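Colleague: Sharing a model that was predicted from the sequence below.
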Amino acid sequence: MNTRCFFDAHIHLWEFCLFNSFTNLARVSCQEELISILKAKPIESWHVGVRFNQESTKEKSMPDRYFLDQGFGQTPVVIFRTCLHLAVANTAAMEKLGRWSENGFFFEGDVFAILNQLPEILRIQPEIIVRNGMAELEKLGITKAIDMGMDFHKRSFFDKAVFYTTDMRLLEEALGFKLFLDGSLGARTAALTEEYSDHPGNYGFLNYSDAELLAIVEKVHRAGKPVACHAIGDRAVDQFLKVIKKSRHPQDRLEHAQYLRPDQIDALAQAGIAVCIQPIFSRELTWARARLGPERIKTAYAWGLLRDRGVRLLAGSDAPVDEASPYEAARTVASLDYEHHLSYDEVLNLYAQANWEFYGWQPS
């Protein structure tokens with residue numbers, strides 16, 4: 001029986017709860033299988049699939065609108081990539097959603113906007129979804145969790161919640177403010193200083209100019225709150241470090257940091273900035289090598305290197321992007337044949353000790 005009190009420092013609670021209602025596509029091996037699995041679980045005459053990863057399929061590519069139109073006809077279909085930075089819809093779904101993209105692809109903020117539309121369209125009762133989802137977290141031994149994307153719409157679904165917000169209207173009651181500086185490696189939208197090895201000419205992109213980001217960070221800091229900045233590519237981390245030098249709160253956090261250069265690791269350690277990692281993301285090494293190439297991959301997902309150089313580590317699952325279980329995260333990391341991995345116990349201790357200590361809270 002689990003006796004540890006785990007604290008997930010980075011999760012998306014509403015999305016985690018909601019995804020239990022949709023079809024899990026994590027184990028899909030080809031696009032033909034995707035169609036059959038989706039058709040087996042309709043919801044209000046729609047087909048909604050989550051946690052799809054094209055890198056795990058034979059085709060290694062995202063299905064587009066034309067493929068989904070051919071497979072599903074006039075039945076609405078939406079598929080969310082596991083990173084939650086990319087979704088694809090067929091023509092029928094786009095007509096119902098009131099959104100349009102020529103190839104059916106939607107990125108970044110549009111993905112969460114589509115998610116927010118679905119409960120009403122699909123007649124999902126939020127209180128039931130939340131109750132069932134929170135019960136699932138308790139089964140995993142997670143007694144506390146920080147939602148990292150609360151907005152005004154989702155706030156009404158939770159009686160009690162500890163959260164960072166993306167909505168300035170909630171800043172007073174939030175722990176801090178969440179900012180997405182770039183996208184994801186999976187969607188090739190994470191901001192890199194050198195082009196993607198498997199997509200020449202693509203460097204990803206930043207969501208803010210330096211001046212725009214600084215203005216938001218300063219506003220949050222003036223309110224006495226920290227920021228938590230999603231930064232996956234090294235160009236996004238450069239921007240974070242540049243802005244934090246000009247405006248700082250002692251509990252500012254860097255989120256994810258899947259690819260860091262050695263100089264950035266040293267800068268984070270010297271500045272005393274906590275980095276919230278997702279240990280379970282280490283399984284992405286199987287395909288991230290193609291994105292980054294043989295040299296950059298040496299300091300990607302290098303949680304042990306961050307530890308060795310003195311960076312303060314926190315841990316979260318980023319569920320439902322990946323599994324919420326701390327034990328699964330620990331097993332994933334411990335099984336790696338990788339120079340810079342953490343041990344099984346080190347991962348569990350991040351959830352059971354380091355996260356609590358950062359906020360000065362007692363395990364409960």
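Modeller: The structure has been received and is ready for your questions.

Colleague: can you pull the pLDDT of residue 1?
Modeller: Looking at residue 1, its pLDDT is 38.

Colleague: Skipping adjacent residues, who's closest to the residue most central in space within the chain in space?
Modeller: With distances taken as C-alpha atoms, centre = their mean, residue 318 lies nearest the centre of the chain, 4.6 Å away. Sequence neighbours aside, residue 278 is the residue nearest to residue 318 in space, at 4.7 Å (criterion: C-beta to C-beta, 6 or more residues apart in numbering). In this view, the C-beta of every residue, glycine as well, is placed from N, C-alpha and C.

Colleague: and the nearest residue to residue 43 once chain neighbours are set aside, backbone torsions?
Modeller: Sequence neighbours aside, residue 122 is the residue nearest to residue 43 in space, at 5.5 Å (criterion: C-beta to C-beta, 6+ apart). Dihedral pair for residue 122: phi -90, psi 10, per degrees, to the nearest 10.

Colleague: what's the neighbour count on residue 122?
Modeller: 16 (other C-beta atoms under 10 Å).

Colleague: again, but for residue 173
Modeller: Using other C-beta under 10 Å: residue 173 sits among 12 other residues.

Colleague: Against residue 163, how distant is it?
Modeller: As judged by C-beta to C-beta, to the nearest Å, residue 173 and residue 163 stand 8 Å apart.

Colleague: Check residue 116 too.
Modeller: 16 Å.

Colleague: Those two: who's more crowded?
Modeller: residue 163 (23 against 15).

Colleague: I'd guessed the more buried one sits against residue 145; true?
Modeller: No. Assessed by C-beta atoms under 8 Å, residue 163 is found out of contact with residue 145, at 9.3 Å.

Colleague: which neighbours do the two share?
Modeller: Shared contacts of residue 163 and residue 145, defined by C-beta atoms under 8 Å, 6 or more residues apart in numbering, comprise residue 13.

Colleague: and residue 214, how many residues sit next to it?
Modeller: 17.

Colleague: same question, residue 316
Modeller: Going by other C-beta under 10 Å, the residues that sit close to residue 316 add up to 28.

Colleague: How about residue 212?
Modeller: There are 12 residues near residue 212, going by other C-beta under 10 Å.

Colleague: With residue 159 instead?
Modeller: 7.

Colleague: Can you tell me the element it falls in?
Modeller: In the assignment (DSSP states H and E), residue 159 maps to no helix and no strand.

Colleague: what's the distance between residue 325 and residue 93?
Modeller: 31 Å.

Colleague: hang on, the earlier thing: didn't the residue nearest to residue 318 look like it was pressed against residue 319?
Modeller: No. Using C-beta under 8 Å, residue 278 is not in contact with residue 319, being 9.2 Å away.

Colleague: that older thread, got the contact list for the residue nearest to residue 43?
Modeller: 21, 43-44, 46, 48.

Colleague: Strands - which of the residues you listed land there?
Modeller: residue 48 (DSSP state E).

Colleague: List the contacts of residue 276.
Modeller: By C-beta under 8 Å, 6+ apart, the neighbours of residue 276 are 9-10, 228, 253-256, 313-316.

Colleague: just the helices in the stretch 51-200 of the chain please.
Modeller: 65-72, 91-97, 109-121, 126-139, 152-155 (DSSP state H, counting those that start in this stretch).

Colleague: Ok, the stretch 201-350 of the chain next?
Modeller: 210-222, 234-244, 262-271, 285-296, 303-308, 326-334, 344-349.

Colleague: Would you mind finding the most buried of the ones you listed?
Modeller: helix 234-244 (a mean of 23; mean count of other C-beta atoms under 10 Å).

Colleague: by contact count, what packs against it?
Modeller: With contacts defined as 3 or more C-beta pairs under 8 Å, 6 or more residues apart in numbering; DSSP states H and E, helix 234-244 has these neighbours: helix 210-222, strand 227-231, helix 262-271.

Colleague: hmm, 6 Å instead?
Modeller: Contacts defined by 3 or more C-beta pairs under 6 Å, 6 or more residues apart in numbering; DSSP states H and E place helix 234-244 against helix 210-222, strand 227-231.

Colleague: Now do the longest one and strand 227-231, the angle between them.
Modeller: This points to helix 210-222. Orientation check (axes from the mean of the first three to the mean of the last three C-alpha atoms, to 10 degrees): helix 210-222 against strand 227-231 gives 150 degrees.

Colleague: Please could you give me each C-alpha atom of helix 210-222, formatted as CSV?
Modeller: Extracted as CSV, the C-alpha positions of helix 210-222 are listed here (Å, rounded to 0.1, in the frame of the first residue of the first chain):
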residue,chain,number,x,y,z
ASP,A,210,11.2,40.3,-25.2
ALA,A,211,9.4,43.6,-24.5
GLU,A,212,6.0,42.0,-24.4
LEU,A,213,7.2,39.3,-22.1
LEU,A,214,9.0,41.7,-19.7
ALA,A,215,5.8,43.9,-19.5
ILE,A,216,3.7,40.9,-18.4
VAL,A,217,6.4,39.6,-15.9
GLU,A,218,6.8,43.0,-14.3
LYS,A,219,3.0,43.3,-13.9
VAL,A,220,2.8,39.9,-12.2
HIS,A,221,5.8,40.8,-10.0
ARG,A,222,4.3,44.1,-9.0
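
Colleague: All set, thanks.
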